[in-house]
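A.B. asks: Okay, predicted coordinates and the sequence, questions at the end:
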Amino acid sequence: MTNKVEICGVNTAKLPVYKDAEMMKMIEAVKGGDKEVREEFIKGNLRLVLSVIQRFNNRGENPDDLFQVGCIGLIKALENFDTSHGVKFSTYAVPMIIGEIRRYLRDNNPIRVSRSLRDTAYKALQAREKLSRELQREPTMAEIAKETEMEREDVVLALESIQEPISLFEPVFHDDGDAIYVMDQVKDMKNTDARWIENLSLSEAMKKLTPRERHILTMRFFEGKTQMEVAEEISISQAQVSRLEKNALKYMRKYV
């Protein structure tokens, strides 16, 4: 995608580039009804659409389709942008483009959500778009909840339910070198460095025990057997198993 020049019949290498001041003047002209400037402005911001759709490259969707949907978001951003707020157009347009693409993906999502939850989500989305136009920024969940007169938790649940699934290998950041993927930002709660060191310490402590003590702890805590089952297997009393187990654990706690 990043190496393509021709997208939907548009040669990206020949697209015009405008500075912020020029864009503000063009927006004023567009608001005044100048259709020619409107077309030029849209062409000058197609790179913005291309940069956004790169986030969705691994969804298995046709990039040309996403590009066209992104252009709809760009046009909506132009129609609703208010220059009096002193915000850069790109700052306002990017969330609008992303929202339009997500709406397209959501409507084509094979995962089904209940009608009531979907209705709640659509109501929240409408409120988010309305607040985005008024505030010229992305509204918070609390602001959306207040606008819709719903509980914040209900809004969060509804919006999360219609989010399209993403791949763990979807890139979230590029910095000239290798990309950073979603899986790189998912914390592993099981195999942490602390747990690895703890397991290593336990393994070393086990080596300090007698063969019988190691055998008892292995059956008890790795094989899940009861003291009675251990006692029967090694032909000693349950009381002896209990005593050996306690002594072994006490020694291991000191060692670890």
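C.D. replies: Here it is on my side, so go on.

A.B. asks: only C-alpha atoms for contact and neighbour calcs from this point on.
C.D. replies: Noted.

A.B. asks: Give me the neighbour count for residue 250.
C.D. replies: The local packing of residue 250 (other Cα atoms under 10 Å) involves 11 other residues.

A.B. asks: Name the helix or strand for it, please.
C.D. replies: Assigned by DSSP states H and E, residue 250 belongs to helix 238-255.

A.B. asks: And residue 20, how close does it get to residue 250?
C.D. replies: Distance check for residue 20 against residue 250: by Cα to Cα, to the nearest Å, it reads 70 Å.

A.B. asks: Please name the residues that touch residue 118.
C.D. replies: Listed by Cα atoms under 8 Å, 6 or more residues apart in numbering, the contact set of residue 118 reads 158, 161, 162.

A.B. asks: Do you know the pLDDT at the second one?
C.D. replies: Confidence per residue is given as pLDDT, and for residue 161 that number is 75.

A.B. asks: Tell me which helix or strand residue 43 sits in.
C.D. replies: Under the criterion of DSSP H and E, residue 43 resides in helix 35-44.

A.B. asks: Can you list the helices and strands that that helix packs against?
C.D. replies: Packing partners of helix 35-44 (3 or more Cα pairs under 8 Å, 6 or more residues apart in numbering; DSSP states H and E): helix 20-31.

A.B. asks: what's near enough to touch residue 212?
C.D. replies: Going by Cα under 8 Å, 6+ apart, the list of residues near residue 212 is empty.

A.B. asks: which SS class is it?
C.D. replies: Reduced to three states with DSSP: H, G, I helix; E, B strand; the rest coil, the structure at residue 212 is helix.

A.B. asks: how much space is there between it and residue 224?
C.D. replies: As judged by Cα to Cα, residue 212 and residue 224 stand 17 Å apart.

A.B. asks: One more: residue 39?
C.D. replies: Computed as Cα to Cα, the residue 39 to residue 224 distance reads 71 Å.

A.B. asks: ok, for residue 220, nearest residue in space, not its chain neighbours?
C.D. replies: Of all residues not flanking residue 220 in the chain, residue 226 sits nearest, at 6.3 Å (Cα to Cα, 6 or more residues apart in numbering).

A.B. asks: Surely that neighbour touches residue 217?
C.D. replies: No: counting by Cα atoms under 8 Å, residue 226 does not reach residue 217; the two are 10.7 Å apart.

A.B. asks: Compare neighbour counts for the two and give me the winner.
C.D. replies: Comparing residue 226 with residue 217 by other Cα under 10 Å, the one with more neighbours is residue 217, at 22 against 14.

A.B. asks: Can you give me the domain assignment for this protein?
C.D. replies: Here the domain parsing of the chain from automatic domain parsing is 6-111+164-185, 193-255.

A.B. asks: Distance to residue 132 added to those domains, as TSV?
C.D. replies: As requested, the domains of the chain are exported to TSV (distance: least, Cα to Cα, whole Å):
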stretch	distance to residue 132
domain 6-111+164-185	8
domain 193-255	42
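
A.B. asks: Would you mark the buried spots in the helix or strand containing residue 53?
C.D. replies: Residue 53 is part of helix 46-53 when elements are defined by DSSP H and E. For helix 46-53, the neighbour count (16 or more other Cα atoms under 10 Å) marks 46, 47, 48, 49, 50, 52, 53 as buried.
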